[in-house]
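In: With the input below, show me the fold.
(2 chains)
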There are 2 protein chains.
Amino acid sequence: MHKGLPFETVPWRFRDRGTAAFSGATQVPVLIDGESVIPDSWRIAEYLDEHYPHRPALFDGEAGRQHARFVAHWIESVVHPLMPAMIALDVYEQLDDEDKAYYRASREKRYGTTLEAYVAGREHTRTVFAETLAPLRRVLSAQPFVCGAAPAFADYVVFGIFQWARSVSRFPVLLDGDPVATWRGRMLDLFGGYAARFPVCP
Amino acid sequence: MHKGLPFETVPWRFRDRGTAAFSGATQVPVLIDGESVIPDSWRIAEYLDEHYPHRPALFDGEAGRQHARFVAHWIESVVHPLMPAMIALDVYEQLDDEDKAYYRASREKRYGTTLEAYVAGREHTRTVFAETLAPLRRVLSAQPFVCGAAPAFADYVVFGIFQWARSVSRFPVLLDGDPVATWRGRMLDLFGGYAARFPVCP
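Out: As a prediction, the model looks like this:
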């Protein structure tokens, strides 16, 4: 959407590893652009800026890349790991029976407990999550987007975890009044409300 | 040093609030450049880039400013608050009697306990500190400086807390082998080892 390029999306299930595997990737996302197959959201963003330089940039030069990289590492290392402790059981409930069996077995092995026990303290996890978001909150208390006056890749990196949560869970991972929630609303409004059109989970 | 400009430093004690107060600041640092008096490290960096544009930049454009801002908020909100629980008693021991009395009273009120009790669990705090540094460690595992191939303001923002710790305490706040410690060594080597010449505390 940021690039203003036309695209189609392909629905994907946990057991559809073969669908992505031809790209050499074991995880989504994967971009297919003509003959090019690019896995990994970071490499996709670099590919898009390189091949569509006259469209709005995802990275504002080398400094923009460094900014996005720090934010991405922060999300991956300390923010993202808290999310399953709030929504893992809700993810499970969205799946069909075949994926349910795979998901429960793989996640319960990873978490070392049942899905039910893993999310039992999620109100407390939300408090830790809110504290962890402190640097983001400070940024967003002073400017509309992570990248400043307009969104760029660092905004999408952060937004991704909230859109994921929103699409699989009704649990409010942010409390009203949090500047991070205000920013999330701003992100949902972008591009004519594109992200907001994905239904919240039933 | 980054700008290659000549400068003098002024020693400062806790009770010397009057020395900085004429600038309108209640805290150091304060830059005095001819007629200009600029408090606050962020404003000092912006002033230097604005007034000495032909010297090496502290911010690589607007994206560099956004990068440094996020890193600074991250340091201030989640990293810096862990430092006193490792070194507050060592700071105290560096002071003369008059500052000691001020420091102990103000910090024990802030921390809600004695300085001795506040640092009693500092080996544990160091473990939490190391976990908190995860995003920085990921960045520095792949490139020499926070800002990429060369240091800029975000590097100095992070380095500041380590130079502070080093100048008042012998407690190793980082363990050997940590990529963050390797980067710290690289920072100490900059400008002919300028920062390394400040003696570690006795």
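In: all strands of chain A, in order?
Out: Assigned by DSSP state E, chain A shows strands spanning A:30-33, A:36-39.
In: Neighbours of the residue lying closest to A:Leu188 once chain neighbours are set aside, how many?
Out: Leaving aside its sequence neighbours, A:Leu188 sits nearest to A:Ala196 (C-beta to C-beta, 6 or more residues apart in numbering or on different chains; 4.1 Å). No exception for glycine: its C-beta is placed from N, CA and C like everyone else's. A:Ala196 has 16 neighbours, counted by other C-beta atoms under 10 Å in any protein chain shown.
In: quick one: A:Arg126 and chain B, what's the gap?
Out: Separation of A:Arg126 from chain B (C-beta to the nearest C-beta, to the nearest Å): 17 Å.
In: That residue against A:Ile87, yeah?
Out: No. With contact defined as C-beta atoms under 8 Å, A:Arg126 does not count as touching A:Ile87 (10.7 Å).
In: now the helices: where do they sit in chain A?
Out: A:17-21, A:41-51, A:61-74, A:84-94, A:97-111, A:115-118, A:122-132, A:134-140, A:153-168, A:179-193 (DSSP state H).
In: State the mean pLDDT of the fifth one.
Out: Okay, so that is helix A:97-111. Taken as a whole, helix A:97-111 has a mean pLDDT of 94.
In: If you count contacts, what does it end up packed against?
Out: Judged by 3 or more C-beta pairs under 8 Å, 6 or more residues apart in numbering or on different chains; DSSP states H and E, the packing partners of helix A:97-111 are helix A:84-94, helix A:115-118.
In: Specify the stretch among those that is closest to chain B.
Out: Nearest to chain B among the helices and strands packed on helix A:97-111 is helix A:84-94 (16.0 Å), distances taken as C-beta to the nearest C-beta.
In: in that closest one, what counts as buried?
Out: Residues A:84-92 are the ones in helix A:84-94 that count as buried (16 or more other C-beta atoms under 10 Å in any protein chain shown).
In: For B:Glu116, find the nearest of the strands of chain A.
Out: Among those, strand A:36-39 comes nearest to B:Glu116, with 53.7 Å by C-beta to C-beta.
In: How far off centre is that closest one?
Out: Relative to the centre of its chain, strand A:36-39 is centred 19 Å away, using C-alpha atoms, centre = their mean, to the nearest Å.
In: Name every strand pairing with that strand and say which way it goes.
Out: Here strand A:36-39 has these sheet partners by DSSP bridges: strand A:30-33 (antiparallel).
In: For the residue nearest to A:Val173 when sequence neighbours are not counted, list the residues it contacts.
Out: Excluding the flanking residues, the one nearest A:Val173 by C-beta to C-beta, 6+ apart is A:Ala165, at 5.1 Å. For A:Ala165, the contact set (C-beta atoms under 8 Å, 6 or more residues apart in numbering or on different chains) comprises A:83, A:86-87, A:171, A:173.
In: Among these, list the two that are farthest apart in space.
Out: Using C-beta to C-beta, the pair of the contacts of A:Ala165 lying farthest apart is A:Met83 and A:Phe171, separated by 10.3 Å.
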